[in-house]
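Asks: my questions concern the predicted model and sequence given below.
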Amino acid sequence: MSIEGGQSSGGSGGLRARSVGLRGDWIASITNVAPTAATTLTMAALIGVSGLASPLALLIAGGAMLCCAVAYHRLNAWQASANAPVQWVARGLSPIIGFAVGILVLMTALTSNIGNITLIGSTVLSLIAPSETSNKPLTWVVATVICLLVVGIAVVGVRVTIRFEGWVVLGEYLIIGVLAVWGLVHEITSHAAGVTHPSWSWFTTSHAPGGSTGLIAGVVIATFLLGGWDSPIYLGDEQQRQRDPGRSVLISITFCTLWVVFLFVCLQGLAPSSAVTANGSNVLPFLAGRLGTSAFSDLVALAVIASFATTIQSQIVDGSRIMFGMSRDRTLPGSLGRVNRRFATPVAGLVVMGVIPVVALVLYLASASLEKTIVYIDSTGGLLFAGYYVVISLYSIWYYRSVLLRDAREFVLGLFLPLVGAGTLVFVVIRSLKGTPGVVLILALVLFLVGIPLALLSKAVTRSPFFSTRRERYVEEAPADAVAVAAPE
């Protein structure tokens, strides 16, 4: 089966085909979700609003994400490429909106990575040199070295990148797995003060402060925790099989949801919620310290750092592929579409995606006022993730509209599940608006919509044939079980 979008072996200026399989896609996806780092960042906040009902909030958010992933799976079967979402929307709706979707993906990756890199330097120093955590120049140096390291690995090629991420994930999950099992045993057997025994009632609203209100607030946080599972979609040019990215997003969001629920069940009862909240910035090492020695706590901190490092790399790779695909369509500068002859990777795009967060870190450390601005940028990442998933889910419904009522399977997979996923995320975003600073809302709205004027500018400057893409609609040949085709409108 071939892949549309200009896939090549790498020697003719394209990315190296047949470099990634289903296993690699799965690694890319769970690396981008980064359950270890995400749990460390959000556990205190999630328990603060949902209490011991946090596992239920995670299941609801994960279920909504899985429904959205169904839409990605269907669209990927139609078109797989480095800028697949851009092509999906351009061919089925409008090239202007397709370009805007590509910019939205870039903004999401960049805002997420700005948040990651502003944390990783201080996190590393807290482990290896606790007395230097307030040393801003050293924090920048450490974070920059890590960023350069992961960019360098990404330049060597996607196979090496996936292999590196795979080994890191293996070590990370072994450490966190030991922590989780140890924590569960301690919860079940210990009668110490502050330890809560696991209960099936954690999957009800009875343990959520404020009942359903607290649960919904937790779903908001859980949605942001689980974002990033779409990473394999942007490796479309480098696949062994076209169907693998779509299959992997279904597998990965299911795995990540169940894994994070397992972590919360095993760990949230180890300490009172007030203690978890008080150690919110370092919660997993804190909980590890309640179980074992300081050496084990440091080992868990190392797993957290590894999770941060690989998710930084994953976001950089995603952004570079989107830029490569859009440059290939001649809608972005041509330098972003050139690949290294030896490694068949888009070096310019990787460098751009690596440099911007490093520059943002300089601004973050240099000025208290700019630091606040960067925090606002960090906070927009979750909103952009949710908005992007909603756009693609609703677009999938639109593209397959001609067959949605053909039979029960099409109705469920093509309409019901994507609509449930999109509707849940819209509800989550609306409910989060009340507690979100106005500056963050304005910034998120600007970044969400900025692709439209940029598309019009690109069209005027580049005169790319991409903007003349004819709109297609999904039709099927008779009989009903024949292969589906896309027909021009």
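Replies: That came in fine, so what should we check first? Numbers count the residues shown, from 1 in each chain.
Asks: C-alpha only now, for contacts and for neighbours.
Replies: Noted.
Asks: is it true that Ile377 touches Ile442?
Replies: No - at 10.6 Å, Ile377 and Ile442 do not qualify as touching, with contact defined as Cα atoms under 8 Å.
Asks: chain center to stretch 282-289, what's the gap?
Replies: Centroid separation for stretch 282-289 versus its chain: 24 Å, with Cα atoms, centre = their mean, to the nearest Å.
Asks: could you look up the SS state of the spatially most central residue of the chain?
Replies: Taking Cα atoms, centre = their mean, the centroid of the chain lies closest to Gly228, which sits 1.3 Å from it. Three-state assignment for Gly228 (DSSP: H, G, I helix; E, B strand; the rest coil): coil.
Asks: my read: Leu127 touches Val300, true?
Replies: No - judged on Cα under 8 Å, Leu127 makes no contact with Val300 at a distance of 10.3 Å.
Asks: more crowded one of the two?
Replies: Shown here are Leu127 and Val300; by other Cα atoms under 10 Å, Val300 has more neighbours (24 against 16).
Asks: I'd guessed the more buried one sits against Phe286; true?
Replies: No - contact criterion Cα under 8 Å: Val300 and Phe286 do not qualify, at 9.2 Å.
Asks: between Ile377 and Ile442, which is the more surrounded one?
Replies: Applying other Cα under 10 Å to Ile377 and Ile442 shows that Ile377 carries more neighbours, namely 21 against 12.
Asks: what about stretch 333-341, distance to the chain center?
Replies: Worked out by Cα atoms, centre = their mean, stretch 333-341 lies 25 Å from the chain centre.
Asks: what pLDDT, on average, does that stretch get?
Replies: In this model, stretch 333-341 has a mean pLDDT of 93.
Asks: and if you look at stretch 222-234?
Replies: Mean pLDDT, computed over stretch 222-234, is 92.
Asks: try stretch 312-320
Replies: 95.
Asks: again, but for stretch 176-194
Replies: On average, stretch 176-194 scores 92.
Asks: show me what that stretch is in contact with.
Replies: For stretch 176-194, contacts defined as Cα atoms under 8 Å, 6 or more residues apart in numbering pick out 36, 195-198, 262-263, 265-267, 269-272, 288, 291, 300, 303.
Asks: just the buried members of those residues?
Replies: 36, 195-198, 262-263, 265-267, 269-271, 288, 291, 300, 303 (16 or more other Cα atoms under 10 Å).
Asks: Gly21 contacts Gln240, correct?
Replies: Yes - with contacts counted by Cα under 8 Å, Gly21 reaches Gln240, the gap being 5.4 Å.
Asks: lowest confidence element among the helices and strands of the protein?
Replies: Every helix and strand of the chain was ranked by mean pLDDT, DSSP states H and E. The lowest is strand 484-488, at a mean of 58.
Asks: thinking again about what came up before, which of the buried ones among the contacts of stretch 176-194 fall in helices?
Replies: Of the buried ones among the contacts of stretch 176-194, the ones assigned to helices by DSSP state H are Thr36, Phe262, Leu263, Val265, Cys266, Leu267, Ala288, Leu291, Val300, Ala303.
Asks: kindly provide the distance from the nearest residue to Leu22 once chain neighbours are set aside to Val219.
Replies: Of all residues not flanking Leu22 in the chain, Asp244 sits nearest, at 5.1 Å (Cα to Cα, 6 or more residues apart in numbering). According to Cα to Cα, to the nearest Å, Asp244 stands 29 Å off from Val219.
Asks: more neighbours, the two?
Replies: Using other Cα under 10 Å, the more surrounded residue of Asp244 and Val219 is Val219, with 29 against 24.
Asks: now do the helix or strand encompassing the more buried one: which elements does it pack against?
Replies: Taking DSSP states H and E as the criterion, Val219 maps to helix 212-225. In terms of contacts (3 or more Cα pairs under 8 Å, 6 or more residues apart in numbering; DSSP states H and E), helix 212-225 is packed against helix 35-50, helix 54-78, helix 368-399, helix 417-433.
Asks: flag every buried residue along it.
Replies: Buried residues in helix 212-225 (16+ other Cα under 10 Å): Gly214, Leu215, Ile216, Ala217, Gly218, Val219, Val220, Ile221, Ala222, Thr223, Phe224, Leu225.
Asks: which ones are touching Ala278?
Replies: Under the criterion of Cα under 8 Å, 6+ apart, Ala278 has no contact partners.
Asks: pLDDT at it, what is it?
Replies: Ala278 is given a pLDDT of 85.
Asks: distance of it from Ala44?
Replies: Counting by Cα to Cα, the gap from Ala278 to Ala44 is 8 Å.
Asks: for Tyr72, same thing?
Replies: Tyr72 is 31 Å from Ala44, by Cα to Cα.
Asks: and for Thr111?
Replies: With Cα to Cα as the criterion, Thr111 and Ala44 are 22 Å apart.
Asks: low pLDDT regions in the stretch 251-400 of the chain?
Replies: 369-371, 374-375, 378 (pLDDT under 70).
Asks: let's see 90
Replies: 273-274, 276-282, 292-294, 360-386 (pLDDT under 90).
Asks: what secondary structure does the residue nearest to Tyr395 when sequence neighbours are not counted sit in?
Replies: Of all residues not flanking Tyr395 in the chain, Val89 sits nearest, at 7.3 Å (Cα to Cα, 6+ apart). Using three-state DSSP, the structure places Val89 in helix.
Asks: quick one, what contacts Val89?
Replies: Contacts of Val89 by Cα under 8 Å, 6+ apart are Pro95, Ile97, Gly98, Val101, Tyr395.
Asks: if we go to 10 Å?
Replies: Shown in contact with Val89 (Cα atoms under 10 Å, 6 or more residues apart in numbering): 75, 95-102, 391-392, 395-396, 399, 471-472.
Asks: tell me, how many residues neighbour Val141?
Replies: Val141, neighbours per other Cα under 10 Å, totals 14.
Asks: the one 5 residues further on now?
Replies: Neighbour count for Ile146, taken as other Cα under 10 Å: 21.
Asks: my guess is it meets Asn116, correct?
Replies: No - Ile146 is beyond contact range of Asn116, at 11.4 Å (criterion: Cα atoms under 10 Å).
Asks: and the helices in the stretch 101-250 of the chain?
Replies: Here the stretch 101-250 of the chain has its helices, by DSSP state H, counting those that start in this stretch, at 136-156, 158-189, 212-225, 244-267.
Asks: so how far is the third one off the chain centroid?
Replies: To tie it back to what came earlier, the one meant is helix 212-225. 17 Å.
Asks: got the CA coordinates for that helix in CSV?
Replies: Only the C-alpha atoms of helix 212-225 are listed here, as CSV (Å, rounded to 0.1, in the frame of the first residue of the first chain):
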residue,chain,number,x,y,z
SER,A,212,-20.5,16.5,39.8
THR,A,213,-19.1,20.1,39.9
GLY,A,214,-15.8,18.9,41.3
LEU,A,215,-15.8,15.9,38.9
ILE,A,216,-16.2,18.2,35.8
ALA,A,217,-13.4,20.4,37.0
GLY,A,218,-11.2,17.3,37.2
VAL,A,219,-12.2,16.3,33.7
VAL,A,220,-10.9,19.7,32.5
ILE,A,221,-7.5,19.0,34.0
ALA,A,222,-7.5,15.3,32.9
THR,A,223,-8.2,16.4,29.3
PHE,A,224,-5.0,18.5,29.3
LEU,A,225,-3.1,15.7,31.0
